[in-house]
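1. Need coordinates for the following:
(chains A and B)
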Amino acid sequence: MKNIARQQMSIKVSTMDLLNKQIKLEAHASATYLAMASWCDQNAFANSADFFYAQSAEEREHMMKIFRFITDCGGIAISPTVENINHDFSSLEEVFENALDHEIMVTKSIHELLATARKDQDYVVENFLQWFVAEQLEEEKALRDILDMFELMGRDGIALKFIDERIKIGA
Amino acid sequence: MSTVCQSKFYTLFQSDVDRCFYIDFGQKVVKLTFCQLLALRQKVNSISIEAHFDADLNKHGFEILVLCNKEHLFLLNTLEILDLKHLVCHGFARLGISSENIMAVS
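-> As a prediction, this is how the structure comes out:
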């Protein structure tokens, strides 16, 4: 019996399912950052808003990267539905803290996917995911650096204004 | 045609000559390309079997399954869905592109 399935698809279907879950997670991250951008705009943190608009676009790019990878491998990529996006925050610091938590969650998911791919000898997926491992490190560092500014500069009105201005430089 | 996997109600075949798959649903045999088989897997896996035991979520305990770009339509009950899930899971493991339940199949 010919291996027709393998001829048509380069990755395992179980890995494809996990990649589709990752697409959903990236889409959720993109929508979450859009909500954060909206909150920042409403509260006159214009540079932070720009930062989150850029982050939202970047997460969508990540999603598309995985989406195309699945179809390139012969699989079926599922267009994600996004629900339960939080729009309520009590402070700018909370916004960035939530963003960091979100990135940590994405990193954890990437690592789990990588571990599964390695266990299943899905080396093409393992190789593909290496880019995301490096990318997540950068994403987490950027948010940690911003959160450090709250420790250094404080949390009162003028400090928040300075932090917001510095975010523009860093973004 | 070679038999890939057989469940209680259904049988999955592979045709090396046509380079495609066939599923015998009892009432009729459906020809599927690999992509269509993959889409079938996606649809079957997305069916919540728990909903069949909750009258609010699935009042009548039936699922409508539309296959091959709306060419075929099946109305399946809970037992048939469970059996189709079994066929899909074990069928893909037998095809060698799934790490799921390989131990259980062998």
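
2. Would you tell me what the next helix or strand after the helix or strand encompassing residue A:61 is?
-> Residue A:61 is located in helix A:46-72, with elements delineated by DSSP states H and E. Counting by DSSP H and E, the next helix or strand C-terminal to helix A:46-72 is helix A:92-119.

3. Next, the buried residues of that following helix.
-> Neighbour-count burial for helix A:92-119 flags A:92-93, A:95-100, A:102-103, A:106-107, A:109-110, A:113-114, A:116-117 (criterion: 16 or more other C-beta atoms under 10 Å in any protein chain shown). All C-beta spots, glycine's among them, are computed from the backbone N, C-alpha and C.

4. Same check on stretch B:60-78?
-> By neighbour count on 16+ other C-beta under 10 Å, the buried set for stretch B:60-78 is B:63, B:65, B:67, B:72, B:74, B:76.

5. Check the average confidence over the longest helix anywhere in chain B, would you?
-> Determined from DSSP state H, the single longest helix within chain B is helix B:78-94. Across helix B:78-94, pLDDT averages out at 94.

6. for it, packing partners?
-> strand B:2-6, strand B:11-15, helix B:34-45, helix B:102-105 (3 or more C-beta pairs under 8 Å, 6 or more residues apart in numbering or on different chains; DSSP states H and E).

7. what stretches of the chain score poorly on pLDDT?
-> Unless you meant another one, I'm taking chain A. By pLDDT under 70, the weakly predicted segments of chain A are A:168-171.

8. my bad, the chain I had in mind was chain B
-> B:100-106.

9. for chain A, what are the nearby residues on it?
-> With C-beta under 8 Å from any C-beta of the partner chain as the criterion, chain B meets chain A at residues B:2, B:14, B:16, B:19-21, B:34-35, B:37-39, B:41-42, B:45, B:92, B:95-100.

10. neighbours around residue B:46, how many?
-> 8 (other C-beta atoms under 10 Å in any protein chain shown).

11. Sorry, slip of the keys, the one I care about is residue A:78.
-> Neighbours of residue A:78 (other C-beta under 10 Å): 17.

12. With residue B:25 instead?
-> Residues near residue B:25, counting by other C-beta under 10 Å: 18.

13. what does chain A put close to chain B?
-> Going by C-beta under 8 Å from any C-beta, the residues of chain A near chain B are A:1-6, A:8-9, A:11-15, A:17, A:74-76, A:78, A:119-120.

14. Now that we have the residues you listed, which of them are buried?
-> Applying 16+ other C-beta under 10 Å to the residues of chain A next to chain B flags A:4-5, A:8-9, A:11-15, A:17, A:74-75, A:78, A:120 as buried.

15. still on that earlier bit, can you put the buried residues of stretch B:60-78 in JSON lines and add distance to residue A:63 and secondary structure?
-> Putting these into JSON lines (distance: C-beta to C-beta, whole Å; DSSP: H, G, I helix; E, B strand; the rest coil) gives the following:
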{"residue": "B:63", "distance to residue A:63": "29", "secondary structure": "strand"}
{"residue": "B:65", "distance to residue A:63": "28", "secondary structure": "strand"}
{"residue": "B:67", "distance to residue A:63": "28", "secondary structure": "strand"}
{"residue": "B:72", "distance to residue A:63": "32", "secondary structure": "strand"}
{"residue": "B:74", "distance to residue A:63": "32", "secondary structure": "strand"}
{"residue": "B:76", "distance to residue A:63": "33", "secondary structure": "strand"}
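
16. Please identify which pair of these lies farthest apart.
-> B:63 and B:72 (13.8 Å; C-beta to C-beta).

17. Share the number of residues neighbouring residue B:18, please.
-> There are 12 residues near residue B:18, going by other C-beta under 10 Å.

18. Next, residue B:31: phi, psi?
-> Residue B:31 adopts backbone torsions of phi -90, psi 130, taken as degrees, to the nearest 10.

19. which of the residues of chain B next to chain A are buried?
-> Buried among the residues of chain B next to chain A by 16+ other C-beta under 10 Å: B:14, B:20-21, B:34, B:37-39, B:41-42, B:92, B:95, B:97-100.

20. Quick check: the gap between residue A:31 and residue A:78.
-> Plainly put, residue A:31 is 16 Å away from residue A:78 if you go by C-beta to C-beta, to the nearest Å.

21. Check residue A:37 too.
-> 26 Å.

22. again, but for residue B:57
-> 21 Å.

23. That concludes my questions; thank you for your assistance.
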